[in-house]
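Chemist: Please work out how this folds:
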Amino acid sequence: MLSYIDVGAGDPDLLSVKAHRLISIADIVAYDTGVSPAILAVANPAAGRMGIERTGAAFPSAGVLAQLRPGQTAVYLLETDAVRRGPAAVASTIRAGHSSEFVPGAMLPGVQGAIRPVHRPAILFLTGLSGAGKSTLASGLEERLVKRGVLATVVDGDILRTGLSSNLGYTSEDRQENIRRASELALHLAAVGAVVIVALISPFRADRAAAAERARARGISFAEVFINAPLAVCELRDPKKLYQRARAGQIKYFTGIDSPYEEPLAPTLELHTDRETVDESMNKLTALALGLCFAPPAAGNNAA
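Modeler: Next up is the predicted model:
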């Protein structure tokens, strides 16, 4: 494993617990030549060390990966421009056949334990029929992003209905209110730097457009992701027997049965989970998420 760590201003007292631990137990410590001696002093004295010039190489493959043996760990300490260099280095290292991650290692000064976000906030709004795979993909994406050092969380419609929206039913008005609450929660989480993955049926285009507009008004990147699986496939999956109950008249206003679903007209990403493997869909979704949270700000990057 090769972990790329953003060491921020170079103060070891402001390193997160994870960053401190990775540095102290690493078998190989590679670093920008400008990294402070105080940070290097944290490293395990027995660890191999190599200073690497910042210019001329996207990542230290020739030096570090050539020395890395099975079962060993290495860290590369990024002094500057970590937001751009870190994710690119991780991608290059993975392509070279090695496990890798990006760790936002520096904490906010004066805030014990609070990790300084090194990425931009974003909202990925996953919409589709019940059983299409929204929750599976949302939780999988959260896990992948967290492993890459991204502050990520899921707002799941099923979980919301056990708490924040437990007083709502499935009429059009209640669905609209449920989406409004979920959107506002996502915006509050994004406001503190998180990448928020919303997983909701959200059957009406107008409600999804309103969520996108609220995000745009606050300068937060928003991507509508259509988790597309035919109704027949979703009914066959039906892990909670909801379609069965709806067909029997036990659930009223169930989307796809006696309530419509309006497919996105121009989603940022469309995943066909009836003919893609979970990994194939996850790879596309992960690429979108990383692009949103690590790409440089640009006008018009919000998807409506």
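Chemist: for the stretch 51-200 of the chain, what spans make up the helices?
Modeler: 66-67, 82-95, 134-147, 157-160, 172-191 (DSSP state H, counting those that start in this stretch).
Chemist: Need the mean per-residue confidence for the fourth one.
Modeler: Per-residue confidence for helix 157-160 averages out to 85 on the pLDDT scale.
Chemist: Next, count neighbours for Ala206.
Modeler: Using other C-beta atoms under 10 Å, Ala206 has 10 other residues around it. Every C-beta, even on glycine, is put in place using the N, C-alpha and C of the backbone.
Chemist: Next, it: secondary structure please.
Modeler: helix (DSSP: H, G, I helix; E, B strand; the rest coil).
Chemist: do Leu271 as well
Modeler: From three-state DSSP, the assignment for Leu271 is strand.
Chemist: residues contacting the residue nearest to it when sequence neighbours are not counted?
Modeler: Nearest non-adjacent residue to Leu271, counting by C-beta to C-beta, 6 or more residues apart in numbering: Ser281, 4.5 Å away. Contacts for Ser281 (C-beta atoms under 8 Å, 6 or more residues apart in numbering) come out as 133, 137, 271, 273.
Chemist: run the last query once more with 6 Å
Modeler: Contacts of Ser281 were listed using C-beta atoms under 6 Å, 6 or more residues apart in numbering, and they are 137, 271, 273.
Chemist: how many neighbours does the last one have?
Modeler: As a burial measure, Thr273 scores 23 neighbours (other C-beta under 10 Å).
Chemist: Low-confidence ranges, the stretch 201-304 of the chain, go.
Modeler: Within the stretch 201-304 of the chain, the segments meeting pLDDT under 70 span 295-304.
Chemist: Let's see that with 90 instead.
Modeler: For the stretch 201-304 of the chain, the stretches with pLDDT under 90 are 218-219, 238-242, 244-260, 290-304.
Chemist: For it, which segments count as helices?
Modeler: 205-217, 231-237, 242-247, 278-294.
Chemist: for the ones you listed, which one sits closest to Leu187?
Modeler: helix 205-217 (6.2 Å; C-beta to C-beta).
Chemist: list the buried ones in the closest one?
Modeler: 207-208, 211-212, 214-216 (16 or more other C-beta atoms under 10 Å).
Chemist: Run through the neighbouring helices and strands of that helix.
Modeler: In terms of contacts (3 or more C-beta pairs under 6 Å, 6 or more residues apart in numbering; DSSP states H and E), helix 205-217 is packed against helix 172-191, strand 221-228.
Chemist: Parallel or antiparallel, list what pairs with the last one.
Modeler: Meaning strand 221-228. Strand 221-228 pairs in its sheet with strand 122-127 (parallel), strand 269-272 (parallel), by DSSP bridges.
Chemist: Please list the residues outside the longest one that contact it.
Modeler: Contacts with strand 122-127, where a contact means C-beta under 6 Å, 6+ apart, come from 134, 138, 186, 190, 195-199, 202, 215, 221-225, 227, 289, 292-293.
Chemist: gap between that strand and the chain center?
Modeler: 10 Å (C-alpha atoms, centre = their mean, to the nearest Å).
Chemist: Okay, angle between that strand and helix 278-294 too, please.
Modeler: 150 degrees (axes from the mean of the first three to the mean of the last three C-alpha atoms, to 10 degrees).
Chemist: Could you give the average pLDDT over strand 122-127?
Modeler: On average, strand 122-127 scores 96.
Chemist: relative orientation of that strand and helix 134-147 in degrees?
Modeler: Going by the same axes, to 10 degrees, strand 122-127 makes 160 degrees with helix 134-147.
Chemist: that older thread, ok, so of the buried residues of helix 205-217, who is nearest Met50?
Modeler: Nearest to Met50 among those, with distances taken as C-beta to C-beta, is Ala215, at 43.5 Å.
Chemist: which residues sit in contact with the closest one?
Modeler: Neighbour list for Ala215: 123, 222 [criterion: C-beta under 6 Å, 6+ apart].
Chemist: Then Ser100?
Modeler: 2, 90, 93-94.
Chemist: again, only this time at 7 Å
Modeler: Ser100 sits next to 1-2, 90, 93-94 when contact means C-beta atoms under 7 Å, 6 or more residues apart in numbering.
Chemist: Specify the beta-bridge partners of it.
Modeler: In beta-bridge terms (that is, DSSP bridges), Ser100 pairs with Leu2.
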